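Visitor: Got a predicted model here, sequence first, then my questions.
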Amino acid sequence: MGFLPLSLTLLLAAIPIPVEESRLQNDAAPVLEQAMAPEAFEAVLLEGDLPALQLACADAAQFGLEERLRLLRNRLMEVAPAPQPFAVVMANARALMQCKAPDSVPVVLSRYGPAPGQQRREWLLLSWRAAAAALDQERAILALLRLAEGDPSRLEAEALVVGLDDAGQPLTRSGLDVLADHQIANGDAAEAVITLLAGRRTGEAAARRLGLASELLGELEPERSGPLLEAALDQAAAVQAWNLAEDLLRLQLTLELENGGTGDRPRERLRRLATRVDDRFTLLDLDRDAPVLTPGQREQLDQELRSPRAPGGHAALGESEASEADATVFSAQP
């Protein structure tokens, strides 16, 4: 079959959410025109305070000066030994992040145990950022679960900054989705399903989460996967998210084939939806696998799918305009 399983990254796409600029100011790296002079660097390394060391880290990182980064990391581990107040510990940890040393952040953060409240929240968020940057999935999971006090549903409204868009604006994702990502990366598929099903959003967000939960359960509990996927399709249809609905039907087709089914029902549902929204690429892909095609016809369709801008490619068909799909597309009947 020409279709691949629905990508986890597509199902849990990053959705921009407004965040306060102040949340990013402490960690923003200044753009420098030239590297710090050797004499200035030596002075900062020997006598600089945390802000100066962080600036030197930004400088070394921007210009790829690995030896300077190494020296700065070592200095940052010694410049503010315990005990230190909260502000100093956090500044030290942020400087290490700037110096591309997320693995060292937990050591510094362990020098202060925040009480419940805003300090603990900031401490846990920085713990998560460091763990995520270090690809330490277990530590990242622990930080987020502590932030949620053990209840993943509390992460629903937690907008976590996961990167920047092309314009330099923050991209955020729901903490619940981020937690599920870490659990998947850590091999905890069953826990990820529990997290995804703890969400309370409806519409497209719910469709993506239910679809991902269904995909994860495809190997663990196939009997639960089907109903979740149908619920995902209902959510997608409710907001007319037809591209997502097509992805979910592709997933349904893949899962049925993997479990020894014929795939006739999801294939026909996908064909009906693709016809209604004028998705000619999907129709071409479905036709490519039709058993009635001769080898020559199948080779021609393969060429059209691989080379959309070549003569005869599917781009020559023109752009398809999204049209409303009838609810019968999702009928349980083939």
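Guide: Arrived safely, thanks for sending.
Visitor: Give me the pLDDT value at the closest residue to residue 161 other than its chain neighbours.
Guide: Computed as CB to CB, 6 or more residues apart in numbering, the closest residue to residue 161 that is not its neighbour in sequence is residue 170, at 4.7 Å. No exception for glycine: its C-beta is placed from N, CA and C like everyone else's. For residue 170, the pLDDT comes out at 93.
Visitor: Would you quantify the distance from residue 170 to residue 230?
Guide: Using CB to CB, to the nearest Å, we find residue 170 at a distance of 35 Å from residue 230.
Visitor: Residue 211 too?
Guide: The gap separating residue 211 from residue 230 is 11 Å, by CB to CB.
Visitor: what about the closest residue to residue 148 other than its chain neighbours, neighbour count?
Guide: Nearest non-adjacent residue to residue 148, counting by CB to CB, 6+ apart: residue 154, 4.1 Å away. Using other CB atoms under 10 Å, residue 154 has 16 other residues around it.
Visitor: In space, what's closest to residue 271 - neighbours in sequence excluded?
Guide: In space, residue 271 is closest to residue 286, 5.6 Å off (CB to CB, 6+ apart).
Visitor: can you count the residues close to that neighbour?
Guide: Neighbour tally, residue 286, other CB under 10 Å: 21.
Visitor: next one: residue 117
Guide: 8.
Visitor: residue contacts, the residue nearest to residue 191 when sequence neighbours are not counted?
Guide: Closest residue to residue 191 apart from its sequence neighbours, by CB to CB, 6+ apart: residue 183 at 4.8 Å. By CB atoms under 8 Å, 6 or more residues apart in numbering, residue 183 lies in contact with 137, 141, 189, 191, 192, 195.
Visitor: Pretty sure the last one sits against residue 182.
Guide: This points to residue 195. No: taking contacts as CB atoms under 8 Å, residue 195 lies outside contact range of residue 182: 9.4 Å.
Visitor: higher neighbour count, those two?
Guide: For residue 195 versus residue 182, the count of surrounding residues by other CB under 10 Å is larger for residue 195: 29 against 26.
Visitor: Show me what counts as buried in the helix or strand containing the more buried one.
Guide: Residue 195 is located in helix 189-197, with elements delineated by DSSP states H and E. By neighbour count on 16 or more other CB atoms under 10 Å, the buried set for helix 189-197 is 189, 191, 192, 193, 195, 196.
Visitor: Stretch 50-64 now?
Guide: Using 16+ other CB under 10 Å as the test for burial, stretch 50-64 gives 50, 53, 54, 55, 56, 57, 58, 59, 60, 61.
Visitor: can you redo these as JSON lines with secondary structure?
Guide: Listed next are those as JSON lines, based on DSSP: H, G, I helix; E, B strand; the rest coil:
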{"residue": "50", "secondary structure": "helix"}
{"residue": "53", "secondary structure": "helix"}
{"residue": "54", "secondary structure": "helix"}
{"residue": "55", "secondary structure": "helix"}
{"residue": "56", "secondary structure": "helix"}
{"residue": "57", "secondary structure": "helix"}
{"residue": "58", "secondary structure": "helix"}
{"residue": "59", "secondary structure": "helix"}
{"residue": "60", "secondary structure": "helix"}
{"residue": "61", "secondary structure": "helix"}
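Visitor: Among the residues you listed, find me the one that's closest to residue 116.
Guide: The shortest approach to residue 116 among the buried residues of stretch 50-64 belongs to residue 50, at 26.0 Å (CB to CB).
Visitor: Quick check: that closest one vs residue 75, distance?
Guide: Residue 50 is 10 Å from residue 75, by CB to CB.
Visitor: What does the pLDDT read for the residue nearest to residue 191?
Guide: 98.
Visitor: And for residue 99, the neighbour number?
Guide: Using other CB under 10 Å, residue 99 has 25 other residues around it.
Visitor: the strands in the protein, which residues?
Guide: Along the chain, counting by DSSP state E, strands occupy 159-164, 170-174.
Visitor: As TSV, these with distance to residue 224 and mean neighbour count would be great.
Guide: Output for those, formatted as TSV (distance: least, CB to CB, whole Å; neighbours: other CB atoms under 10 Å):
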stretch	distance to residue 224	mean neighbour count
strand 159-164	28	16
strand 170-174	23	19
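Visitor: what about the ones you listed, which gets the closest to residue 84?
Guide: Closest approach to residue 84 among these (CB to CB): strand 159-164, 25.7 Å.
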